[in-house]
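J.: Got a sequence here, can you build the structure:
(one chain, ligands or ions: 1)
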Amino acid sequence: MNPELETRLRALVAHLLEENQKFNLTGIKDPNDAWTKHVLDSLEGLDTELFDESQSVVDVGTGAGFPGLVLALARPQLSVSFLEATRKKCTFIEATAAKFEIKRARIINERAEDAGQSDRYRASFDVATARAVGSFAEVAELCLPLVRVGGSVALWRGENAEAEAQNAEEALDDLGGFLRDVRPYELPGLPTRYHMVTIEKVNDTPRDFPRRSGIPKQKPLA
Ligand code: SAH
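T.: Reported below is the predicted structural model:
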């Protein structure tokens, strides 16, 4: 990693942990742990090469800003939209983006189901990302409508990504998606086998999706 970027990312972790004492944004309290689980994990997305050429990214259910903040710092050409239902997390990201001079940040304090049906955001992004937001089918339904045809979705998944993806094959088809890749990776010192899943949007998503707020979670398509 280039030293300048590493310095900025270390400062991001320090800032997150400091603000966490006031706002309770993440369960991770140890700096080394936060470095691995938030920063190094977010950086795994760069391997997909999706963030090199693309211009607009929406990070769905970004929470305290992961992977969105890390991607924005690592690839400054990106315009990153942070989509998050909880207001206090949006407030944190707004202040953080200003502090770290992330110029092309946009904070969207909405549910992904609403953003995905609004003319403003639907089919408007090159890439959608989601980490730790919900089941495979749920996040696919939240992410695919936001991406333009030809764009992609990158999902940070856990141990069972292969099976989840296979199980959701038909659901992906219904949403206009096509499974591109499921790539295993590990993080230093952790036993888990994580997976980076990439989905291409090959067709328009039918207007029925995303279904109304809460349904993608309660009645997942797969
Ligand atoms: N991506 C972050 C946060 C994961 S926690 C990380 O990996 O650290 C999941 C976050 O998604 C929570 O902050 C929750 O408020 C948000 N979320 C869940 N469902 C959502 C929805 N339908 N629309 C918008 N935000 C949602």
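
J.: wait, is residue 181 part of a strand?
T.: Yes: the assignment for residue 181 by DSSP: H, G, I helix; E, B strand; the rest coil puts it in a strand.

J.: so who does it touch?
T.: 48, 196, 197, 198 (CB atoms under 8 Å, 6 or more residues apart in numbering). C-betas here are computed from N, CA, C, even on glycine.

J.: And those, which is closest to the ligand?
T.: residue 196 (13.3 Å; CB to the nearest ligand atom).

J.: Which residues of the protein lie near the ligand?
T.: 61-63, 66, 83-86, 89, 111-113, 131-133, 142 (CB under 6 Å from any ligand atom).

J.: so where do the helices sit in the protein?
T.: 3-23, 31-34, 41-43, 50-53, 68-74, 87-99, 112-115, 136-143, 161-167, 169-175, 215-218 (DSSP state H).

J.: Of those, which is nearest residue 152?
T.: If you check each of those against residue 152 by CB to CB, helix 50-53 wins as the nearest, at 5.3 Å.

J.: Out of the helices of the chain, which one sits most buried?
T.: Comparing those by mean neighbour count (mean count of other CB atoms under 10 Å), helix 136-143 comes out on top with a mean of 28.

J.: Pull out the buried positions in the longest strand along the chain.
T.: When the chain is parsed with DSSP state E, its longest strand is strand 147-157. For strand 147-157, the neighbour count (16 or more other CB atoms under 10 Å) marks 147, 151, 152, 153, 154, 155, 156, 157 as buried.

J.: Given that strand, what are its sheet partners and their directions?
T.: strand 125-131 (parallel), strand 194-201 (antiparallel) (DSSP bridges).

J.: Pick the most deeply packed of those strands.
T.: strand 125-131 (a mean of 26).

J.: Could I get the CA-only coordinates of it as CSV?
T.: Extracted in CSV, the C-alpha atoms of strand 125-131 (Å, rounded to 0.1, in the frame of the first residue of the first chain):
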residue,chain,number,x,y,z
PHE,A,125,-24.7,4.1,-10.5
ASP,A,126,-21.8,2.2,-12.1
VAL,A,127,-21.2,0.0,-9.1
ALA,A,128,-23.2,-0.8,-5.9
THR,A,129,-21.3,-2.3,-2.9
ALA,A,130,-22.7,-3.9,0.3
ARG,A,131,-20.9,-5.4,3.3
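
J.: So what touches it?
T.: Contacts of strand 125-131 (CB under 8 Å, 6+ apart): 41-42, 45, 50-51, 54-61, 66-68, 71, 81, 139, 142-144, 146-148, 151-156.

J.: before we move on, what about stretch 31-39?
T.: By CB under 8 Å, 6+ apart, stretch 31-39 touches 9-10, 12-14, 16-17, 26, 28, 64, 66, 70, 187-190.

J.: so which of those would you say is closest to the ligand?
T.: Nearest member of the contacts of stretch 31-39 to the ligand, counting by CB to the nearest ligand atom, is residue 66, at 4.0 Å.

J.: correct me, but the closest one touches residue 42?
T.: Yes: using CB atoms under 8 Å, residue 66 is in contact with residue 42, at 5.2 Å.

J.: list the contacts for residue 1?
T.: Going by CB under 8 Å, 6+ apart, the list of residues near residue 1 reads 9, 43.
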